[in-house]
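J.: predicted structure and sequence below. I'll ask about it afterward.
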Amino acid sequence: MKRAGIVALLLLVVVAACVTSGPRQTKLMKSTQMTISAAALRVQVRSLADRFSGLMEDVGEEVLHNEADPARQRNALLWLTNGIPAMQQALFQPDPLAALLDAWFLIAQMRDYFDHATEHGMPEHIQELATDVLDEMESDIGLIIQNAGPDTDYDRARQMVYVKAKSHPVDASFASRRGSAVFLAEFTAEAGGSALRSIGSITESVEDLVARIDLNAEYIPKLARWQAMIFMMDQGFSNTAESIENLQYLEVVAGEVERLSPLVEALPDLVGSEREAVLLALDAYLSRILAFVNQQRTTLMGDDVRAEREAILAAIQEERIAVLAAIAEERSIVLDALRAERAATFEDLDALMDEAFTREVNRMFVRGLVLIALFLAGFATIAYLGIRALKRQQG
């Protein structure tokens with residue numbers, strides 16, 4: 001019964017995972033050689049939004065602080081106010097692969113612009129700053145693509161992106177990105193879907209929404225400051241049309257926040273309804289699992305199992321008897337060997353003792369003979385000396 005409960009729990013976990021998880025890969029991803037899941041790719045791509053924004057901001061602020069030419073400062077402000085929002089918008093495409101390709105396409109457009117820096121009157125050191133940042137951003141994209149599957153072709157994809165980007169150049173403001181939607185549509189033609197179509201589960205959509213709101217909360221004050229600096233450089237309203245164009249992104253952001261507000265307000269009810277649907281599905285699956293477990297339990301308790309159990313016990317008993325007989329035989333053999341070894345050992349000990357006794361007796365006999373010889377020699381010497389002394393007295 002305990003084992004049946006464990007099986008039911010494991011099946012419940014698997015069912016819950018199947019019910020709550022989104023698709024493993026999008027249609028766009030399935031048209032490539034990628035093996036990474038959509039969720040894993042989404043996490044990696046969304047993490048680039050904050051990093052790329054920070055890299056672009058560092059370059060723009062460095063130009064603002066180190067350049068005294070108002071025209072160059074204004075170009076840096078256009079890079080900040082238009083380039084950063086364009087990069088963020090690209091990286092928050094609903095499809096994670098479409099977002100990665102759109103960001104890569106924008107990097108290629110920027111690189112093409114800075115490769116012709118002399119035509120725009122841009123000094124070489126600013127071109128080097130921008131190129132270094134673009135290299136770093138593209139290396140991050142290349143790392144994601146190379147780790148997305150064993151058969152991904154980074155060089156071929158890069159060539160395709162740069163060929164398309166070269167035919168759709170951008171101007172100094174980076175405000176109008178021509179060609180990215182066309183490029184994504186061409187890329188996804190074989191996938192049978194649109195790159196701009198929202199995919200994934202409600203959980204993934206909420207996570208993207210929270211990440212984008214956090215990023216906008218960080219950059220909207222900065223965008224307002226940079227836009228104010230552009231107004232000051234344009235001497236208020238002397239160039240009204242272009243200044244208003246530079247403020248269009250703030251209007252887009254405000255509209256985006258306003259559009260998302262009802263969704264955010266409806267999220268609790270939406271999540272509640274989804275939770276109720278998931279619980280009902282889980283309850284149905286759990287009922288099926290319990291019925292299946294009971295059926296298997298009834299089957300296991302049938303006559304076939306009982307006969308199999310008896311056969312197993314009989315086989316075990318036979319094996320037990322055979323093992324005990326083999327053990328008894330081995331024990332008898334071992335005891336006989338031990339007795340033989342014991343008798344041989346005692347015989348060897350008796351022989352050694354006899355030999356030692358004989359050796360000791362011989363040694364004592366030799367010592368006795370030596371003592372007797374010494375005694376006789378001493379006695380002869382004393383007798384000789386006594387006779388010699390008597391002869392001296394008589395003579």
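T.: Okay, I see it.
J.: next, give phi and psi for Gly149.
T.: When read as degrees, to the nearest 10, the backbone of Gly149 gives phi 170, psi 150.
J.: do the same with Phe92
T.: Residue torsions, per degrees, to the nearest 10, at Phe92 are phi -110, psi 30.
J.: how about the helices in the stretch 151-300 of the chain?
T.: Remark: helices assigned in the stretch 151-300 of the chain by DSSP state H, counting those that start in this stretch are 154-166, 180-187, 202-233, 240-246, 248-300.
J.: and those, which one averages the lowest pLDDT?
T.: The minimum mean pLDDT among the helices of the stretch 151-300 of the chain belongs to helix 240-246 (a mean of 48).
J.: which secondary element of this protein has the worst mean pLDDT?
T.: Counting by mean pLDDT, DSSP states H and E, the chain has its least confident helix or strand at helix 2-20, which shows a mean of 41.
J.: how much space separates Arg309 from Glu319?
T.: Going from Arg309 to Glu319 by Cβ to Cβ, to the nearest Å gives 16 Å. (Glycine included, C-beta is placed from N, CA and C.)
J.: now do Arg74
T.: Using Cβ to Cβ, Arg74 is found at 93 Å from Glu319.
J.: neighbour-wise, which of these two wins?
T.: Using other Cβ atoms under 10 Å as the criterion, Arg74 and Glu319 rank with Arg74 on top: 17 against 10.
J.: OK, contacts around that one?
T.: Listed by Cβ atoms under 8 Å, 6 or more residues apart in numbering, the contact set of Arg74 reads 230, 233.
J.: what residues does stretch 138-156 touch?
T.: 32-36, 41, 44-45, 48, 51-52, 100, 103-104, 107, 157-158.
J.: which parts of that stretch are buried?
T.: The neighbour-count criterion (16 or more other Cβ atoms under 10 Å) identifies 138, 140-141, 144-145, 148, 152 as the buried residues of stretch 138-156.
J.: could you do stretch 292-311 as well?
T.: For stretch 292-311, by 16+ other Cβ under 10 Å, it's Val293.
J.: can you tell me how far Ala68 sits from Pro123?
T.: Where Pro123 is concerned, Ala68 sits at a distance of 12 Å (Cβ to Cβ).
J.: quick one: which of these two has more around it?
T.: Taking other Cβ under 10 Å, Ala68 and Pro123 do not tie; Pro123 has more neighbours (14 against 6).
J.: please report how far that one lies from Met56.
T.: Distance of Pro123 to Met56, given as Cβ to Cβ: 19 Å.
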